[in-house]
Structures are given as structure tokens and as C-alpha cells.
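Asker: Need coordinates for the below:
(6 chains)
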4 protein chains.
Amino acid sequence: MSVIPATPDAADPGSAARKGRPRSDRAHRAILDAARDLLMEEGFSGLRLEHVAARAGVGKATIYRHWGSREELALELLVELAGPHIPVGDSGDTREELLATVMNPLRALTETAFGPVIRALLSQIAMDPRLGDRFRATVVMARRSEVARVVARGIERGDLRPETDAGVATELLVGPVYFRLVFGGELDRDFAERVVANYLDGTAVPVRDVDWF
Amino acid sequence: MSVIPATPDAADPGSAARKGRPRSDRAHRAILDAARDLLMEEGFSGLRLEHVAARAGVGKATIYRHWGSREELALELLVELAGPHIPVGDSGDTREELLATVMNPLRALTETAFGPVIRALLSQIAMDPRLGDRFRATVVMARRSEVARVVARGIERGDLRPETDAGVATELLVGPVYFRLVFGGELDRDFAERVVANYLDGTAVPVRDVDWF
Amino acid sequence: MSVIPATPDAADPGSAARKGRPRSDRAHRAILDAARDLLMEEGFSGLRLEHVAARAGVGKATIYRHWGSREELALELLVELAGPHIPVGDSGDTREELLATVMNPLRALTETAFGPVIRALLSQIAMDPRLGDRFRATVVMARRSEVARVVARGIERGDLRPETDAGVATELLVGPVYFRLVFGGELDRDFAERVVANYLDGTAVPVRDVDWF
Amino acid sequence: MSVIPATPDAADPGSAARKGRPRSDRAHRAILDAARDLLMEEGFSGLRLEHVAARAGVGKATIYRHWGSREELALELLVELAGPHIPVGDSGDTREELLATVMNPLRALTETAFGPVIRALLSQIAMDPRLGDRFRATVVMARRSEVARVVARGIERGDLRPETDAGVATELLVGPVYFRLVFGGELDRDFAERVVANYLDGTAVPVRDVDWF
DNA sequence: TCGTAAACGAGACGGTACGTCCTGTCTTAAC
DNA sequence: GTTAAGACAGGACGTACCGTCTCGTTTACGA
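Answerer: Numbering: from 1, shown residues only, chains lettered A, B, ... in the order given. Presented below is the predicted three-dimensional model:
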């Protein structure tokens, strides 16, 4: 899932026939890997392009040729790492799918490089439109649609009430995971199950219309 | 809620008799104000102590005398701004108190300087133990206790089921708010009400024991 | 007469093939000129590299890339300014050559930038081996050899006594000039002539072996 | 030989009855000693009043109360150290007195603290009128008068020619010593004797009026 | 097969900010 | 009213990176 290059690409796709030496995939990949490692170690504000270049064995200018800014580089990294953890398959079991909806990001955050990377980028996403808007337009939107599909299937199956509010389902299921990522607390299967349980059952004492007893 | 000074303070509290010219409250206050403004404008990584000093009309060394690092300064700011928005009074109405539990941080984030400031500091909180641990030990802990009290009162009143899981209540009620802060979406009273409604009622189709009809 | 660069230069002189963008001669020259002016205005201890950089339109780091320290920069300046004023040509007239030996440094000190610059650096030369040793090894040594040649020619011509002490000739001829530079007094041709006259004729009443008169 | 205090002293000595705590001689002395040591170690530009204050066990403000500037402090030091080495007694032997004229400053420079201190201050004397003018008006003037007296006695005794140029005698006798102080070379009795020998006898081949033989 | 053109690595460029140090002034409490 | 202590505003230090700009070299395509 590539991000728009720094300079060219506006080019015609058909005529093609680009001149000069082509961009080096090796360099592209090496930069992304180096950036990922350094981002995890130092955070976004500690991400020095000079260090990325050194670790990747690349000239600084090459980074600017491919991305144009630290933010664009970070975004490509983010999208690349987030992508695989979004889909929730149709398992036929609503509770199971809801659990997957919580466990997918939870696992991505705790077991893959996506965790440290997004930790490092949370503030940028929250503040910088260049990064935030594009992250929202891609990753967050994909996640929301996936959750909406899970809810729809749940309603269809008669497991969720028809009026279930899909508009806040992502917040209710995934919000708690990100809350703990930032503010601390266990991020494990037990936590995910408690979130799902509350999501399904609520906490209120049921209104018994059997009050004619 | 003061943060430990950079250097002295080891001193005896009772006998006192501090030597030399005392620290300037005016400078302390001016630095905090300037830092708050610049943090909101530029983010944490764009927070230049040189600019803070200039805007506060203060020497750079004075900042280091009072705090010793950007992070400590940011933490004092955060604690100072977060403090007022945590308590939830006993209103007698559980739903109302739950709504306040959601609306308090929501309003702090959208209507006060706390919003921009914590946006700027999310990554630091999530990554840097110096800042994160102390933020968790103060602000987050205070919030969790407050939520636990609200849940306890709800159970006592018979509005919440006795087995209600207080350990994830903060995540369920406040997590969605922070999720939207970072990943976008309306942050208004309607949102808060939907969160509370889901928290109380869940989404599952109620199990009707009238199925022997 | 160049001074050793801050970092590279270890390089092969023949094969060459230097990597990266080459050092800028324009910057080198601009820094030397700015340093000269500021040294003359403010003295060595008042020579702020930040001001040199600003006046030369150059980044501070560029100065450190080329010289590594204020002292090395000052030395190159000194050597560059001192060089032209050392040689004394063979005029055939010993008194004339001795006068040139005094007038050369006198004119350099009073009529060129070398005067203010060395005034500013006297203490460094006298105290700091980094600067002093290298100044002695280049400029002072060159001056001493030149004076020794003048004395040798004078002896050869029969104008100076054969046992004339070349080892203190520089001190006797040039010492008085530097003395006045520091401690005050006219520095003009008349002064130079009086120094040469005393050097040649001494002050003692001649021992007349004609005492049989 | 005290230098004018920074602030008070304008006061009348008779009426007296100065108010408040009197100045501390201990502090004055301790500051001078600390300044001397640090000047010898670090040079004038490395002389930090903060370090002087610390080493003397004194508040920084006290230094400013007594001297008002680094230069005034340095001057008092210089005058105090130079004073003892100027007088040349009447020994009856002109060559001996001339040797003392050379050896006095030579010994002061090599065997006492005056050497390192004046090394450190040469540039200031040569450049800064505040220091230079007052040094010239006191120490240099005293030296010149002393040399003039030695020359006068030499003429009177018939050892020096009546037309001997007293106006450059100091330069010819003491200049070589300072030259070596800055630019290197042995500073010992042998050097002094060679300087005196040249001063008395010159270097020119004597004009023999026996050419009518 | 040979230009031509662009990307490559390297590293210097003019800058900005860092965190430290020191300046000369000020504000305390103690004497 | 001076003292030691130490905070104050200011400013330079030498270092580290920024994003841009040459360099000489490498790699592809079309003439």
C-alpha cells in the first residue's frame, strides 16, 4: 500500500518510458525497516532521518526523494503495519466475531511492530492533519467498516438488537484497547472478553416486566 | 500538585532557613503559561525551550533550574490541567453520574487547554516511562478511583448489577472518548449519551424466559 | 601556508577521489575575513564564533568543520598575515638591511591587519602551546633565519665583527618593536634608526689604545 | 598600591564614621590570591569570576563591590606583583647595573607569579585602554625612569658615551626579555649578559682612524 | 555502444535548537 | 550596610540534525 512519491508519479501510466536510473527498491525497503526500528526505539520526535539514512546505508537525499517528509515515511510504515490486522472473518458466531474485533487490534498492538510504531505516532495522528487525516481515511475507515459488518451480521443472526448503534461500536470495542495502550493496564484475552461481555450484556439491572408477580 | 524541583528540595522542611535568593513564582507561572501555549500550537516535539524562555521573558537556565527537562515541565502542566476535571459528585441518579463520567473528560478535551496539551503528549505518555508512569500514578489513578466510586454507588442503589466489572468501567466509558480524540469523530453530548446507553443496556437481544409460551 | 583541516586531509593526495560535496572556498575565505575583522575589534577573548559565523554568512558548524577551534582559526590568520613581512632582501648595504629588519615588523604591526591581530593573540601565543608552539615553529623561526642571514651577510661584507652574536640579534632588533607595541611608545622610522644605531655602535665609551698620546 | 574601589571611597577619611559592616580585608586578599592562581592556570579569557568567588569562598557580588570589573582586579594584581622588581640600586659598576636592569624583569618573569600573570594579560595591556593606560602610567613609567637613572649614572661615570640615547634604552635592554617571554628562547643569566654586551659594545667593526698609516 | 538522464552514496552547506556555563544584577537572611 | 548564597535575564558555547546542495559514480533506456 504505497504512498505517493515525493516528486514524480504524476506521470502518465501508459506512455511510461521513465528516463534515467530507476528508484532502488532495496533502498526503499531498507529505509522503511530502519525507520521502523528507530521509531520503536526512540519515538517519533527522536526519529532522526540522519540516523535512518546511516542505518539503511543510504544518502539522506534518497529519503527525501522517496517521501519528502518524516511524516509521509511514518504514514507508509503505519499503513503497511496496520493493514493485516483489520479483517474479521464471518465465523457464524457473533460473540466470537466481536471478540476477534477486540483481539485483532489488541494483538497487533502487543505482538507486532504496529504497537510501538503507533504509540510513537499517536500524537502526530492526533495533531498533524497531514498524517492524521490520511490515517483516518485509510486505516480507521477500514476498521470502522469492518466493525459495521460484524454488527450487521450480528443483527441479521438475531444476536444483536436491531437498533444496535453501529456508529459507536468501534469506539466501544476498540477504544478500551487503545485506552490501555496509552494509560496502562493488562492487554490480554481476559480483558478482551470482559469488554465484549459488557458490550453485549450491559451493566444495568434488567427491567422485569414480570412485576405482576 | 507540584512536581519535584530540579535541584534543591532535599532541604529540611521544618527548620527551613533556605539560602540565597528564592525562586521566582512569577517566572514559574510565566514558563508554565508559555509552555502550554506553545505545546498547543506546535506539539511536544515542536516545543522549543528556547521559545518558551523567550515568550515567558525568562532565561533558559531558569527553566532548567525549575524542571530539569522538557518532560517534567510537560508533566506539571498536564497534572495541573487534568486535576479539575476528574471528580464526579454523588447526584443520586446513576445514569446522570455515568454521563458525567463520560462528559467530564470529554469537556476537558474539547473545551479546555487540557485537550490540545494531552494530544501533544499522548505519545510521550505511551512511550516515555518518566512521563507515563507519573501520569498514570496521578491522573489515571485518580480517574479510575472516581469511576469505581460511581459504579459502587450504582450497585448500592440497585441500578447496576452487583457483579458489574468495575475493573474495565473506565476503559468502557472513557476509552471511547480518547479513541475519538485521536482517531476522529464527534465529541459531543449525544456521543456521550450513546456510550452510556450501551454501557448500561448492552446490545444483545435479551434472553426471554418466556420462550416456553 | 595552510593549517591542517579539522577532520579529513588524511586522504591520499594523488589518487584523490574525495567523497561528498567539497569544502567551500568561499566560506573558508569569508570566515577568515570575518574573524580578522572581529579579532581586531574585540580581541581574542571577545572573538565570538557565533558572530564570525553571522558576519561571514555561514553556519557555525562550517567553522568547526574547517578549523576545530578558535585557536586554529586564529593561527591560520596569523600565519597568513605575518608571512609577507618577513623577507629582507640583499641590498648590499648592511645598515640598510638591518633597518629593514626592524622596519619590516614595525610596518606590519602599524600599517597592516597583522598589528591588531597579533596584539589580540599575544597572550594566547605566550600561554597556549597549541597556538604558541606552532607560531614559533613557523613565523618566529622564519624571522630568526632571516635575521641570521642578514647578520651573516654583514659579517661577510666586513661591516659586522666576525664574532657577532646572531643568536640574540632578533631579540635586539625586533624585541624593542614588540616592547613598544605592548607597552607604548612611538613606532616610526626614527625609532627604528635609533635601534639600529645602538645595535651597530653600542653605548660604551670606546677603549682607546691610543692612550700613549 | 591600591586601585580605586568600585563604589565608596569617595568618602572623607576624617569625618569617617562609615556606616554598616566594614569591608572584609580577608575577602579582598582571598579574592586577589584566587584570581592570581586562576589567571596563571587559565589565562585572562579563562578567568571566571564565578570560579574566583568559589575558590575565595566569597559571593560574586563582593568582587564587584571591590573592583567593578575583571580588568580592575587584574590591574591591581599586576601592579602588586610588578612593584618589587623595578628598582636598580647604585652599585658603582655600570655593567653590573645594566645587567641588573635586564635580570630584574627576567627574574620576575621566570621566578615569580608576575611571569604567568603578565603573560595572561599581555593582550589586554596591548588592546584595552582601561588596563593598558594604567599599566603604562604606573609600572612601565617606573621602569623607564629607573633605566634612565642607570644610564645617567653610566654617563656620569664615563662608562657610557654622553650622547647615549636613554629614550630607547629600556626597549634595548628589556625588549629582548619580553620578546623571548612571548616568542620563546632561553631566559637566563647568559642571555642577559649577551644583551648587555651587545648594548655596550655594538656589533659594528670599529672605525680605525689609523688608516693614514 | 554510446550518450543522456536520473538516482545513488557521501558529505558540506546555512540554519535552528540543544543543554551548559558564565555574566553582571538582584534579593534573600545573617551578622 | 556588607556578607555568602544563590536565583535572575541574557547570551555564547560546541554539538546534533534539519532540509538543501553539490560532488563523483552507477544504472537504465533509446538513439
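Asker: shaky segments in chain A?
Answerer: A:1-18, A:206-213 (pLDDT under 70).
Asker: show me what contacts the residue nearest the centre of chain A?
Answerer: Nearest to the mean C-alpha position of chain A, counting by CA atoms, centre = their mean, stands residue A:82 at 4.1 Å. By CB atoms under 8 Å, 6 or more residues apart in numbering or on different chains, the contact list for residue A:82 reads A:108, A:114, A:118, A:139. From N, CA and C alone the C-beta is placed, and that goes for glycine too.
Asker: helix/strand/coil for it?
Answerer: Following DSSP: H, G, I helix; E, B strand; the rest coil, we place residue A:82 in the helix state.
Asker: coming back round to it: mind checking which of the contacts of residue A:82 are in helices?
Answerer: Members of the contacts of residue A:82 lying in helices (criterion: DSSP state H): A:108, A:114, A:118.
Asker: from memory the last one sits against residue A:78, does it?
Answerer: Spelled out, that is residue A:118. Yes. Residue A:118 is within contact range of residue A:78, at 6.5 Å (criterion: CB atoms under 8 Å).
Asker: Please identify which residue in chain A comes closest to DNA strand E.
Answerer: As assessed by CB to the nearest atom of the strand, DNA strand E sits closest to residue A:20 within chain A, at 1.7 Å.
Asker: Tell me which helix or strand that residue sits in.
Answerer: Mapping residue A:20 onto the secondary structure by DSSP states H and E places it in no helix or strand at all.
Asker: before we move on, back to that, right, and out of the ones in helices among the contacts of residue A:82, which lies closest to chain D?
Answerer: Proximity of the ones in helices among the contacts of residue A:82 to chain D (CB to the nearest CB) peaks at residue A:118, which lies at 47.9 Å.
Asker: Buried ones in the helix or strand harbouring residue A:36, by neighbour count?
Answerer: In this assignment (DSSP H and E), residue A:36 forms part of helix A:25-42. Under the neighbour-count criterion of 16 or more other CB atoms under 10 Å in any protein chain shown, helix A:25-42 has A:27, A:28, A:30, A:31, A:32, A:34, A:35, A:36, A:37, A:38, A:39, A:40 buried.
Asker: now those as CSV including distance to residue A:66?
Answerer: Below are these laid out as CSV (distance: CB to CB, whole Å):
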residue, distance to residue A:66
A:27, 8
A:28, 6
A:30, 11
A:31, 7
A:32, 9
A:34, 13
A:35, 11
A:36, 15
A:37, 17
A:38, 16
A:39, 16
A:40, 20
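Asker: residue ranges of the helices in chain A, please?
Answerer: Going by DSSP H, chain A shows helices at A:25-42, A:49-56, A:60-66, A:70-82, A:94-111, A:114-127, A:129-135, A:141-156, A:169-183, A:189-201.
Asker: hmm, stretch A:122-141 touching DNA strand F?
Answerer: No. Judged by CB under 7 Å from any atom of the strand, stretch A:122-141 makes no contact with DNA strand F; its nearest approach is 11.8 Å.
Asker: can I get the helices of chain A in a markdown table with distance to residue B:202?
Answerer: As requested, the helices of chain A are exported to a markdown table (distance: least, CB to CB, whole Å):
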| stretch | distance to residue B:202 |
| --- | --- |
| helix A:25-42 | 38 |
| helix A:49-56 | 47 |
| helix A:60-66 | 48 |
| helix A:70-82 | 29 |
| helix A:94-111 | 11 |
| helix A:114-127 | 29 |
| helix A:129-135 | 30 |
| helix A:141-156 | 12 |
| helix A:169-183 | 10 |
| helix A:189-201 | 4 |
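Asker: that older thread, just the C-alpha atoms of the helix holding residue A:36, please, in PDB.
Answerer: The C-alpha trace of helix A:25-42 is given here as PDB (Å, rounded to 0.1, in the frame of the first residue of the first chain):
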ATOM      1  CA  ASP A  25      13.600  -0.900  -4.200                       C
ATOM      2  CA  ARG A  26      16.400  -2.100  -2.000                       C
ATOM      3  CA  ALA A  27      16.900   1.500  -0.700                       C
ATOM      4  CA  HIS A  28      13.100   1.900  -0.200                       C
ATOM      5  CA  ARG A  29      12.800  -1.200   1.800                       C
ATOM      6  CA  ALA A  30      16.000  -0.600   3.900                       C
ATOM      7  CA  ILE A  31      14.800   2.900   4.800                       C
ATOM      8  CA  LEU A  32      11.400   1.600   5.900                       C
ATOM      9  CA  ASP A  33      13.000  -1.100   8.000                       C
ATOM     10  CA  ALA A  34      15.500   1.300   9.600                       C
ATOM     11  CA  ALA A  35      12.700   3.900  10.200                       C
ATOM     12  CA  ARG A  36      10.600   1.200  11.900                       C
ATOM     13  CA  ASP A  37      13.300   0.200  14.200                       C
ATOM     14  CA  LEU A  38      14.300   3.700  15.200                       C
ATOM     15  CA  LEU A  39      10.700   4.800  15.600                       C
ATOM     16  CA  MET A  40      10.200   1.900  18.000                       C
ATOM     17  CA  GLU A  41      13.400   2.700  19.900                       C
ATOM     18  CA  GLU A  42      13.200   6.500  20.100                       C
END
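Asker: Which secondary structure elements does it sit against?
Answerer: helix A:49-56, helix A:60-66, helix A:70-82, helix A:114-127 (3 or more CB pairs under 8 Å, 6 or more residues apart in numbering or on different chains; DSSP states H and E).
Asker: ok and that helix relative to helix A:70-82, angle-wise?
Answerer: Put simply, helix A:25-42 runs at 90 degrees to helix A:70-82, going by axes from the mean of the first three to the mean of the last three CA atoms, to 10 degrees.
Asker: Helix A:25-42 near DNA strand F at all?
Answerer: No. Helix A:25-42 stays clear of DNA strand F (CB under 7 Å from any atom of the strand), getting no nearer than 9.3 Å.
Asker: Quick one: neighbours of the residue of chain A found nearest chain C, just the number.
Answerer: Closest residue of chain A to chain C, CB to the nearest CB: residue A:59 (9.5 Å). Per other CB atoms under 10 Å in any protein chain shown, the neighbour tally for residue A:59 reads 12.
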